[in-house]
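Asks: sequence and predicted structure, then a few things I'm wondering about:
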Amino acid sequence: MEYVPDYYKKDLLILGVGNPLFGDDGFGPAVAEELSRRGRIPSFSEVMDVGTGVREILFDLIISPDRPKEIVIVDALDCGRQPGEIFLVKVDEVPKLKSHDFSLHLAPSLNLLQELRDNAHVNVTILATQPESIPEIVTAGLSKPIQQAVKDAADYIEKTYFEDKDATD
């Protein structure tokens, strides 16, 4: 019998993507950590810090017969906004520059998200923040605007994805 991780069977999968060793790129993992710390994750969902390993999870989900109904990718995206601003991005709207950049962790991730959305009928959302800076050398720690954005993003996820659906859990 084939092993299928529990998170494949959840309705909602929230993936914190990024590298905390590169400044504000650690936004996604920090949001996953904040949600876990709060301890209010409903049983229908799973929150994971996937670091820079999102591609493997997305590929496995594509080939699995079991998969969530919805995936939320949490990541830092440079879209020319104010540092710390939280915004939603559709997979097809990820800036071309970003598709080759360090964070959404390389173009194949976008292709996998499109595959999940288009062929596996999974609702895919990217919840992003505008980083203040992502250094080119190892520099751990989030800037002040991103520290606040972590709390704001966790609040948004709880309100939008957890509270609205909690009644059906």
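Replies: On my side now, so go ahead.

Asks: distance of residue 124 from residue 136?
Replies: 29 Å (CB to CB, to the nearest Å). Every residue, glycine included, has its C-beta placed from N, CA and C.

Asks: and what of residue 122?
Replies: Distance, residue 122 to residue 136, by CB to CB: 34 Å.

Asks: sorry, back to before: which one's more surrounded, residue 124 and residue 136?
Replies: Each of residue 124 and residue 136 has its neighbours counted (other CB atoms under 10 Å); residue 124 has more, 19 against 9.

Asks: what's near enough to touch the more buried one?
Replies: Contact analysis of residue 124 by CB atoms under 8 Å, 6 or more residues apart in numbering lists 70-71, 73, 91, 113, 116-117.

Asks: out of the residues you listed, which is most surrounded?
Replies: Using other CB under 10 Å as the neighbour criterion, residue 73 leads those with 27 neighbours.

Asks: now that one: which helix or strand?
Replies: Taking DSSP states H and E as the criterion, residue 73 maps to strand 70-76.

Asks: can you check residue 145 too?
Replies: Using DSSP H and E, residue 145 maps to helix 144-157.

Asks: export stretch 6-19 to CSV, keeping only CA atoms.
Replies: Coordinates of each C-alpha in stretch 6-19 appear next as CSV, following Å, rounded to 0.1, in the frame of the first residue of the first chain:
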residue,chain,number,x,y,z
ASP,A,6,-2.0,13.5,5.7
TYR,A,7,-1.7,17.0,4.2
TYR,A,8,-2.6,15.6,0.8
LYS,A,9,-6.1,14.9,2.2
LYS,A,10,-6.7,18.3,3.8
ASP,A,11,-9.0,20.8,2.1
LEU,A,12,-6.6,23.6,2.5
LEU,A,13,-2.8,23.6,2.3
ILE,A,14,-0.8,26.7,3.2
LEU,A,15,2.8,26.7,2.1
GLY,A,16,5.3,29.2,3.5
VAL,A,17,7.9,29.6,0.8
GLY,A,18,11.3,31.3,1.2
ASN,A,19,14.7,31.2,2.6
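
Asks: mind listing what's buried in it?
Replies: Buried residues in stretch 6-19, counting neighbours by 16 or more other CB atoms under 10 Å, are found at 7-8, 10-19.

Asks: return the closest of the residues you listed with respect to residue 81.
Replies: Here the nearest of the buried residues of stretch 6-19 to residue 81, counting by CB to CB, is residue 18; it sits at 17.0 Å.
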